[in-house]
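1. quick one, what's the 3D model for this:
(chains A and B)
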Amino acid sequence: MTEPSSPQELGVQDPASLDKLEQLEAKSIHILREAYREFKGLCMLWSIGKDSTVLVWLARKAFFGHVPFPLIHIDTGFKIPEMIEYRDECARRWKLNLIVGQNQVALESRQTFPDGTLNRLACCRALKSEALKHTLSGEWQRRHFNHATASFETRTGGAPFTGVIVGVRADEEGSRSKERYFSPRDENSDWDLDDQPPEVWNFFKTDFAPGTHVRIHPLLDWTEINIWEYIEREQIPVSPLYFDGGNGRRYRSLGCYPCTKPIESLSRTVSEIIAELKSGQLAGIAERAGREQDKDDRGTLEILRREGYM
Amino acid sequence: MRAEASTGGGFNLAGEMVSGREQMQVVVVGHVDHGKSTLIGRLMTDLGTLPESKIEQVREYCERNSRPFEFAFLLDALKDEQSQGITIETARCFCRTAHRDYIINDAPGHIEFLKNMVTGASRAEAAMLLIDVHEGVQENSRRHGYLVSMLGIRQVAILLNKMDLVNFSQSVFQAIRAEYQAFLENLGVHPTSFIPISARDGVNLVSRSHLTTWYEGPTVSQQMDAFRKESLDWRRPLRMPVQDIYKFTEELDARRIIAGSIDTGTVSVGDEVVFYPSGKTSRVRSIEAFNSSPRRRETAGRAVGLTLEPQIYLTPGELMCRSGETGPGLATRFRANLFWLGKSPMLPGKRYKLKIGSARRPVELVQVQNVIDAGDLSSVRGKQQIDRHDVAECVLETGKPVAFDCVAVLERTSRFVIIDGYEIAGCGTVLQPIEVGASLLSEQVDHRERSWQKGSVRFEDRAARNGHTGKFIVVAGARESGMREVARRLEARLFAAGCQSYYLSIENLFDLSAPEANEPVTRQEHLERLGELAHLMTDSGLLFITALEGLDDHEVERLRIQNHPYQLFLITVGPTQLERAIPEAALEPGSDPGKTVEMVFERLLSSGLLPEYQI
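-> Predicted coordinates:
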């Protein structure tokens, strides 16, 4: 064993002092690279929110400016319009391979909560879970962003995605705190919470029987404030909906406009949001408190998650 | 009771952490019903981490369901866990003290869920082991102590819970401490503290209780803050498992980037680096990054990417080290500590997959040296297999050499897992490499030769009839080298000359097309089946010809061993990865196939490999 030289001799400061964000970043990049190495039918879900946008950014870090897999956005048709503008602008600027999926049958037959024909849970099921499932499997048509024409092309009969990278965080709510970094789903996208694979050190389950697929969660250890601190450090552009545009309100979590309410806040910049979170003004208010579908029953999100909702 | 109350201002209840604050992962383990979830629920409440609304929500839930409020419910957020009343899954909770932020892993205690406990514990930098003083040290308490030690957690605090049930008796506390401490010392685990607590009542969690005036040690939160951050081993020799090699040429990016996470050490631009097991060397040309200024040096803990000059052919799975520093161990056989989680036992002779560093290798259990009962550390000798929840000292063998470190030298690069089918079924650390006289494959071939029931026609008789002996002719080269054409023409040339030749296109049997694919088990298995087939064909007197893509030295060596006692004639077409294996004929790609084959034919004659052949 070579005897260690002193830090002074080596001419470096103690690099063991990786700060918290650097550690989180390193682990997330490791997981992203592991997923890219192991899975052929790989994609990443992009909800346009701050978490999955940080995830896209981490992919660009992991792959040195490239995102070498498609990004899937499930458009419920009820997204806040600014979200869609922001999505397409990022796709253009970052040269992203963007694929959009949608439950067109439900929208055309007006089987949705805003149409008054479904309750919130059933609407989430139809417009998010079902759309996601069938977009991933390739059964439903997918809209691909064409960079040459800057428009979307509809394609059918696409190959199924079997590895899906998702930006969930363990601190969001109970069920997410029990997730694995690599979390298997069966043929029906079901999550068998009672029999999850072990993850030991940096070794994850990457071997799968045909027919199963896996959700990959690189952001599991991040908290809401870590996300904002990282956005600030890296200068990541996020949707303007997160900031107060002058009416004293901003969104803390982005979703469909019929079911998502802004919070009262005067934060106009990322650093003001961080200060606000640190100040305690939002104490006692859960991050997703503006998301009405979570409130119907204590286990709604849990039910959706078991059924395949991201 | 709140932590921030005792530390003054500057820290806010709701507010999350201050920028740049440290974060530490701590695991709480203990036997079922010893109070883990209660401890964490109460700790989070007392540290002021939970929003009031969350506590209120659980309070309402308990009222609705006519159950007394319990802190454990705060954690058992999932309905089925509440009904069973036991933690089955590792849940992560975020909390903080004035000193730093914590992720607390609530690891289940029930033996059925040991794999979940291992998952929670292997992420942690420190552990808090919970013992119910009313029940005392249970078998599972000892097993947990053992696993925490094997998983590499050096900082362990022991919390003696439910002190209220023994009237906060100092003598009960001391007796249990003495018993458990003796057990842990045997494992080389030196607990940082033993703390008497009552999790339900918040005794000694964040504030010192008047109920245990005889106790002078730290509270739980003080102990947490006293855990040291695991020092990233940047002063140790460089170890970076090569996770992948990126070349995004389609997006007009010509860089060929070697990517990986640094386990130990540092690497700088200009350093000479060595890759194991291939032994290839190169120099670090640049350290690549996105959205940050170029770096000259990278250190342990970072996920990095670098380019090399000169460029060398590498595959994922190599271990990058620095010239001049202590190199890793390199062996096909090693002794290891292993904890088995699989539902089926680990059996000798069965093929498993080893993941060590970024390498994946086929692996077999050669010998079970000792099975340790983790409950009392007694040894069970003479076991032939490793059963679920066994902790074993055993000998493992991989088909090809793997690079690793011994656990006593560099712990991170000694760690491995074993895959059975599709599941992680075992985890362990390498104790030491074993020098092998004969490999497992040689032993198997010897056994085959000894026990082979021969027919009545001898090899020599066939050779006399055919005019040549049976041989295995391997044409190696890159996919587009024309090696298949050479092989096919050679079959025809030999046949025309009256030889018994047979060409087998390997694709008829298996997909061996991608040596870089992450299916090392499959490729090696396929090559072994081919080796057995070749041996049969050679034994029957044929000139058996095949073309193989991406062959490396070890694969050639294994095919030679398998073909024993017969010969393997190696022909290469164009550049290959082979360094040690010397081909009997080395051909240039793209030359006239007719002339080339004629040359090989001459070589076969002149080298005496077709001694009985007469024109």
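
2. low-confidence regions, the chain specifically.
-> With no chain named, the answer covers chain A. Along chain A, the parts satisfying pLDDT under 70 run over A:1-17, A:173-177, A:187-194, A:283-286, A:288-310.

3. try chain B instead
-> Using pLDDT under 70 as the threshold, the predicted model of chain B has low-confidence ranges B:1-20, B:50-54, B:73-91, B:109-112, B:232, B:374, B:436-438, B:511-521, B:607-615.

4. which strands or helices does the lengthiest helix in it pack on?
-> With DSSP state H applied, the helix covering the greatest number of residues in chain B is identified as helix B:520-539. For helix B:520-539, the elements it packs on are strand B:359-373, strand B:471-477, strand B:543-549, helix B:553-563, judged by 3 or more C-beta pairs under 8 Å, 6 or more residues apart in numbering or on different chains; DSSP states H and E. (Each C-beta comes from the backbone N, C-alpha and C, glycine too.)

5. pairing partners for B:R322 in the sheet, please.
-> With DSSP bridges applied, the residues forming beta bridges to B:R322 are B:V273.

6. who's in contact with it?
-> Counting by C-beta atoms under 8 Å, 6 or more residues apart in numbering or on different chains, B:R322 touches B:237-238, B:265, B:267, B:271-274.

7. wait, doesn't B:Q170 sit right on B:L211?
-> No - with contact defined as C-beta atoms under 8 Å, B:Q170 and B:L211 do not form a contacting pair (11.1 Å).

8. for residue 128, grab the count of nearby residues.
-> Defaulting to chain A. A:K128 has 22 neighbouring residues, counting by other C-beta atoms under 10 Å in any protein chain shown.

9. let me rephrase: I mean chain B.
-> Neighbour count of B:M128, defined by other C-beta under 10 Å: 29.

10. about what we covered before: return a selection command, for use in PyMOL, containing the buried ones of the contacts of B:R322.
-> For the buried members of the contacts of B:R322, the matching PyMOL selection, counting by 16 or more other C-beta atoms under 10 Å in any protein chain shown, is:
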select buried, chain B and resi 237+238+265+267+271+273+274
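
11. and for residue 259, the neighbour number?
-> If you meant another chain, say so; for now it's chain A. Look at A:C259: counted by other C-beta under 10 Å, it has 19 neighbours.

12. not what I meant, chain B
-> 25.

13. separation between it and A:K205?
-> In this view, B:A259 and A:K205 are 21 Å apart by C-beta to C-beta, to the nearest Å.

14. before we move on, the earlier item: nearest to chain A, of the contacts of B:R322?
-> Among the contacts of B:R322, B:P237 lies closest to chain A (C-beta to the nearest C-beta), at 5.9 Å.

15. bridge partners for B:I473, pull those for me.
-> When bridges are called by DSSP bridges, B:I473 pairs up with B:I545, B:F569.

16. would you check that it makes contact with B:L543?
-> Yes - proximity of B:I473 to B:L543 meets the contact threshold set by C-beta under 8 Å, at 6.1 Å.

17. and the helices in chain A?
-> Counting by DSSP H, the helices of chain A are A:7-10, A:20-38, A:50-62, A:81-93, A:104-108, A:120-124, A:131-137, A:224-234, A:270-279, A:300-306.

18. closest to A:F69 out of the ones you listed?
-> Minimum separation from A:F69 across the helices of chain A (C-beta to C-beta) falls at helix A:20-38, 7.0 Å.

19. what's the neighbour count on the residue lying closest to B:K115 once chain neighbours are set aside?
-> By the measure of C-beta to C-beta, 6 or more residues apart in numbering or on different chains, the closest residue to B:K115 outside its immediate chain neighbours is A:P198, 4.0 Å from it. A:P198 sits with 25 neighbouring residues when counted by other C-beta under 10 Å.

20. same question, the one 3 residues further on
-> Burial of A:W201, expressed as a neighbour count using other C-beta under 10 Å, amounts to 18.

21. give the contact list for it.
-> Under the criterion of C-beta under 8 Å, 6+ apart, the contact list for A:W201 reads B:122, B:151, B:412, B:415, B:417, B:427.

22. kindly recompute the last result at 10 Å.
-> When contacts are counted by C-beta atoms under 10 Å, 6 or more residues apart in numbering or on different chains, A:W201 touches B:118, B:122-123, B:151-152, B:355, B:411-412, B:415-417, B:427, B:429.

23. just send those residues back as TSV, with neighbour count and distance to A:C124 too.
-> Putting the contacts of A:W201 into TSV (neighbours: other C-beta atoms under 10 Å in any protein chain shown; distance: C-beta to C-beta, whole Å) gives the following:
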residue	neighbour count	distance to A:C124
B:V118	26	35
B:S122	26	35
B:R123	25	31
B:L151	22	39
B:G152	18	42
B:K355	24	38
B:E411	19	46
B:R412	21	43
B:R415	25	41
B:F416	26	42
B:V417	25	37
B:C427	26	38
B:T429	24	45
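
24. keep only those residues that also lie close to chain A.
-> B:118, B:122-123, B:151-152, B:355, B:411-412, B:415-417, B:427, B:429 (C-beta under 10 Å from any C-beta of the partner chain).

25. could I get the residues you listed as TSV with secondary structure?
-> As requested, the ones next to chain A among the contacts of A:W201 are arranged in TSV below (DSSP: H, G, I helix; E, B strand; the rest coil):
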residue	secondary structure
B:V118	helix
B:S122	helix
B:R123	coil
B:L151	coil
B:G152	coil
B:K355	strand
B:E411	coil
B:R412	helix
B:R415	strand
B:F416	strand
B:V417	strand
B:C427	strand
B:T429	strand
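
26. and which of those is nearest to B:F69?
-> Closest to B:F69 out of those is B:R123 (29.8 Å), distances taken as C-beta to C-beta.
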